[in-house]
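1. following is a predicted model, sequence given first.
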Amino acid sequence: MTQVFYRKWRPQRFGEVAGQEHVTRTLRRAVSSGRVAHAYLFTGPRGVGKTSCARILAKALNCLSPSTGEPDNTCENCLAVNEDRMMDLIEIDAASNRGINDVRNLRDNVRFEPVAGRWKVYIIDEVHMMTLPAFNALLKTLEEPPPRTVMVLATTDVHTVPLTIISRCQRFDFKRLSNEDVIDRLAEVCGAEEIECEPAVLDLIAIAAWGSLRDAENVLEQLAVSNASERQEDGAVTITESHARDLLGLGDSSSSLDLAAALLEADTAKALAVINAEAERGADLQGLRNGAVDALRASLLMKAGVRDARGQSEEMVRAMRAAGQNASMDRLLHVLSVVGQAKIRGDTSSPLPLELAVLKAASAPVRDTSTHSASVADSTRAAAPPPPASRRPERPGRRAPPPQPMPPESPQYGVRPDAAPSRSRDLTPEQQRWSRVQWTLRRTKFRKYVIGALLKNAEAIGPVDGRLQLNFKSKSLRENLIEELQDPRARSALDSAVKEAYGAELQVDIESNGAAVGAQREKDPSAEASPLVRAALAMGARVVGTEDAPSGSGPA
Amino acid sequence: MIRVLHGQDEFSIGEELSRLGEMVGPAEVRDSNTTVFEGDNLKLAEVIGTAAAGPFLADRRLVIVRGMLSRLDQRDRSVGEEWRNLSKRLSEVPATTELVFVESVRLRRGGVGLRAVGTDADAREFPALRGRAVESWIGNRFVQEGASADGGAVSRLAWLVGGNLRLLDQEIRKLALYVDGRTVTREDVDEMVTEARDANIFAAVDAVLERRPAVAMRLLYSLLEGGSSVSNVLGLMARQVRIALLAGHLSSKSVEREEIGRRIGVSNRFALDKTIRQAGHFSRDYLADTHRRLLSADLAIKSGELDDRLALEILVGRLSAG
């Protein structure tokens, strides 16, 4: 079975560990001088060499012929460690052995002397996953482990490890690897694995890995495997920049730069054209967006005065320096946050999310001047809580106050913002007045129906010549209102609400399907009682008046 | 011999106990000749019975009793009545036994606790070290480790770590190995000591609040490249702004400096100085606004609205650009 790159090319000596000179130097001297601490804590981001260093330390301590603190990698003990068969090296995954019983087992076993080597080394990986009782149970062992026992705790999240544990260990903070270190290491792997890369490939991998060598080696391996079918005659695999960009979801660099530059220059047409062109040629738009974000980030760093836009290619730095010259910091942050939020997850071929982001980015940045509406993602988004002055602590057990009644009439037809429906700012003045009538009658009910609720299903037209015409969505709703208005109190409430909202007495006409009935007028049951009239009404006729039928004649 | 080790410097007390442990005899017999008593329901008869036994294949027997004298000092009613007669029973302890009472607090001179062991007992206080005493301790410790440090390194280390001797001991051992014979300098301390990296967070918050985007962004990257995660940096920034707010509030109420440190949970002198200085430099509204922006950034990250690194960069850019 083949091993993955990061295991196959795991460093076997302290000297091979990249980017952690401050750690390896100290450990090497500890081994060579015999001043080994009984407990170590290795902390740092993933893939930077914590477990590798722990294993090298175990090997160096047990090596039969170490040289200046380095294991020789040829003796029986070193080979046993390399081949995962060293009995005195016990690796524990604290993520799956995190309870107090696991630590009790460890405490029971730790008393036994080393079997093959001189030192027994326990590596407890992901130690932050342990439970608090487990940590407490481990304290005593950490403080005074049996002779010839070394505990190495490794974690990516040291802040969740209790201080009592931390202070009993010699702590080493592992750094992210620089891009140069990652590239050097990848180049070595490429040489050994017969992989040929275009010059920019290793740069791209290093930037994407952000200091994690394991991530970088994984990406390199994926690229090598996916290009294995294109082996050259000499057996070497060639990885092109476009392959790397595809795998990393970065998109075409020049398009990303063009998009970022257009956004900074507020050139919406150009930005949309770039997106369109990419969409038409079937490019991954997520990659385009990611590339644009990277370019904008480089611009931000340059704008902020950081001399080197770390981890970015020369081409990007040059292009963004030119594009960002005239853009203010506000503009840059606005564009960056808008594009950063554009999500192209489900359908990476749809240009819509990116186009919308471009349009949004084209708007002027909203200057965040308030003391409390501070959102990193978008200044206009009300993510922050209200200022302390406006917040009143809620007393337990106290009920919320009941809804306030409608405030008194405003001087004009305008609707008070706190009383009107939330959409009021989108309404025309007429609609606002009508909305106010609905709001006033939102709880008014004398017979069967709440008048405000019925009115929500009607459109008010007018006022024209002292009349307000209501067009109902359905006949039944209209009839419900007519029925409710037969109560004089209901009619009076409607009249007064209309007068309050419109500032004048108006006659309300109620219509449905073209039929109008004067709400102020009495309904004539005799007319609608006639089947002929009902049939005519159903066909769209309108009752304009009634006359008594001549005596002796049939119904009108 | 009856001994009392009391005080807040638990590291030095631990070292003294280790020294006494070595008096017992070789490592192989130490465990079987050492007994530690602690807990609420200690019986005096049990302690004296154990202490009265002779050593087994060793020179001495070591009996450690933790936390009892301070309870007597505080007139803790849960302590058994028989402990009132402690001084009389101590005469039963043979010369081959080291009976050591260990207390993590300072016992009052002339208090019940110290009186209970009688005047013949060897009582030693281990107070928490402060100021020059810490620097002096650091200097001596470097010598013990076979290394030397210049004045800048010693004061930097004392400034960063404070009086936590256990932590200082670990850092000194590490530094002594790192320099391998040459003199430890301030730069070595900054390279190797964790607290030096955390100190950058003060500088980053300062730069953000003082609206120096270049410095803020550089420090941000220095923290991230040093191995800190985005959530860690964000958390540290938020904590710093929050405790600066609290410190400002307490200062305005004329609360003593030490008390401020206690209430905001900052014991390190360096950290407390920086926090109080920040609280004095910036208005409460400004700090509160900054804190809300940090919250919003956290929300944006946790709701998946923005990539964590990008959110932090935008936040620092926005805050420091003003």
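-> In hand now; what should we look at? Treat the numbers as computed from the prediction; the structure is a model and nothing was measured.
2. per-residue pLDDT, the residue in the stretch 201-322 of chain B positioned nearest to chain A?
-> Of all residues in the stretch 201-322 of chain B, B:Ala214 sits closest to chain A, with a separation of 2.9 Å (C-beta to the nearest C-beta). Any C-beta I mention is one placed from the backbone N, CA and C, and that applies to glycine too. pLDDT recorded at B:Ala214 is 81.
3. in stretch B:84-101, which residues are buried?
-> Across stretch B:84-101, burial judged by 16 or more other C-beta atoms under 10 Å in any protein chain shown covers B:86, B:89-90, B:93, B:97-101.
4. what does stretch B:134-147 give?
-> For stretch B:134-147, by 16+ other C-beta under 10 Å, it's B:134-135, B:137-139, B:141-142, B:145, B:147.
5. pLDDT for these - can I get that in JSON lines?
-> Shown next, in JSON lines, are the buried residues of stretch B:134-147 (pLDDT from 0 to 100):
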{"residue": "B:Val134", "pLDDT": "92"}
{"residue": "B:Glu135", "pLDDT": "93"}
{"residue": "B:Trp137", "pLDDT": "95"}
{"residue": "B:Ile138", "pLDDT": "95"}
{"residue": "B:Gly139", "pLDDT": "94"}
{"residue": "B:Arg141", "pLDDT": "94"}
{"residue": "B:Phe142", "pLDDT": "95"}
{"residue": "B:Glu145", "pLDDT": "91"}
{"residue": "B:Ala147", "pLDDT": "92"}
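6. from these, pick the one nearest chain A.
-> Proximity of the buried residues of stretch B:134-147 to chain A (C-beta to the nearest C-beta) peaks at B:Glu145, which lies at 8.1 Å.
7. you'd agree the closest one is up against B:Ile172?
-> Yes - when contacts are counted by C-beta atoms under 8 Å, B:Glu145 is listed as touching B:Ile172 (5.9 Å).
8. count the neighbours of A:Pro133 for me.
-> By other C-beta atoms under 10 Å in any protein chain shown, the residues close to A:Pro133 number 12.
9. nearest residue to it other than its sequence neighbours?
-> Spatially, and ignoring its direct neighbours in sequence, A:Pro133 is nearest to A:Ile100 (4.5 Å; C-beta to C-beta, 6 or more residues apart in numbering or on different chains).
10. so the one you found sits right up against A:Leu132, yeah?
-> No - if you go by C-beta under 8 Å, A:Ile100 and A:Leu132 don't touch, sitting 9.3 Å apart.
11. need the next SSE after whichever strand or helix holds A:Arg318, C-terminal direction.
-> Under the criterion of DSSP states H and E, A:Arg318 resides in helix A:314-323. Using DSSP H and E, the helix or strand that follows helix A:314-323 in sequence is helix A:329-341.
12. what is that following helix packed up against?
-> Secondary-structure packing of helix A:329-341 (3 or more C-beta pairs under 8 Å, 6 or more residues apart in numbering or on different chains; DSSP states H and E): helix A:253-264, helix A:285-304, helix A:352-362, helix B:308-321.
13. quick one: B:Arg61 from B:Glu38, how far?
-> When distance is defined by C-beta to C-beta, to the nearest Å, B:Arg61 is 17 Å away from B:Glu38.
14. actually, A:Gly324.
-> Distance, A:Gly324 to B:Glu38, using C-beta to C-beta: 65 Å.
15. the two: who's more crowded?
-> The residue with more neighbours, out of A:Gly324 and B:Glu38, is A:Gly324; 23 against 11, by other C-beta under 10 Å.
16. tell me the bridge partners for the residue nearest to B:Glu16 when sequence neighbours are not counted.
-> Nearest residue to B:Glu16, sequence neighbours excluded (C-beta to C-beta, 6+ apart): B:Leu5, at 5.7 Å. Beta-bridge pairing of B:Leu5 under DSSP bridges involves B:Val102, B:Arg124.
17. show me where pLDDT drops low in chain A?
-> With pLDDT under 70 as the threshold, chain A has low-confidence stretches at A:1, A:229-235, A:306-313, A:345-349, A:364-427, A:511-535, A:537-540, A:542-556.
18. in the stretch 1-150 of chain B, what residue is nearest chain A?
-> Here the stretch 1-150 of chain B gets closest to chain A at one residue, B:Ala27, 6.5 Å apart by C-beta to the nearest C-beta.
19. hmm, A:Pro147 and that residue touching each other?
-> Yes - taking contacts as C-beta under 8 Å, B:Ala27 lies within contact range of A:Pro147: 6.5 Å.
20. which residues in the stretch 51-200 of chain B form strands?
-> For the stretch 51-200 of chain B, the strands defined by DSSP state E, counting those that start in this stretch occupy B:61-66, B:97-103, B:122-125.
21. show me what the second one is packed up against.
-> Looking back up the chat, that one is strand B:97-103. Secondary-structure packing of strand B:97-103 (3+ C-beta pairs under 8 Å, 6+ apart): strand B:2-6, helix B:10-24, helix B:44-52, strand B:61-66, helix B:68-73.
22. want to throw the ones you listed into a markdown table with mean neighbour count?
-> Output for the helices and strands packed on strand B:97-103, formatted as a markdown table (neighbours: other C-beta atoms under 10 Å in any protein chain shown):
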| stretch | mean neighbour count |
| --- | --- |
| strand B:2-6 | 21 |
| helix B:10-24 | 16 |
| helix B:44-52 | 16 |
| strand B:61-66 | 21 |
| helix B:68-73 | 22 |
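23. of those, which is nearest B:Val112?
-> Each of the helices and strands packed on strand B:97-103 was scored for nearness to B:Val112 using C-beta to C-beta, and the closest is helix B:68-73 (4.8 Å).
24. for that closest one, packing partners?
-> Secondary elements touching helix B:68-73 (3+ C-beta pairs under 8 Å, 6+ apart): strand B:2-6, strand B:97-103, helix B:112-116.
25. so the first one versus strand B:97-103, what angle?
-> Here the directions of strand B:2-6 and strand B:97-103 differ by 20 degrees (axes from the mean of the first three to the mean of the last three C-alpha atoms, to 10 degrees).
26. mean confidence (pLDDT) on strand B:2-6, please.
-> 94.
27. residues contacting that strand, please?
-> The contact list for strand B:2-6 (C-beta atoms under 8 Å, 6 or more residues apart in numbering or on different chains) reads B:13, B:16-17, B:20, B:69-70, B:90, B:93, B:98-107, B:114, B:117-118, B:120-126.
28. my guess is B:Arg61 contacts B:Ala95, does it?
-> No - using C-beta under 8 Å, B:Arg61 is not in contact with B:Ala95, being 10.6 Å away.
29. returning to what we had before: adding distance to A:Val161 and mean pLDDT, write the strands of the stretch 51-200 of chain B out as CSV.
-> Shown next, in CSV, are those (distance: least, C-beta to C-beta, whole Å; pLDDT from 0 to 100):
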stretch, distance to A:Val161, mean pLDDT
strand B:61-66, 25, 94
strand B:97-103, 26, 94
strand B:122-125, 32, 93
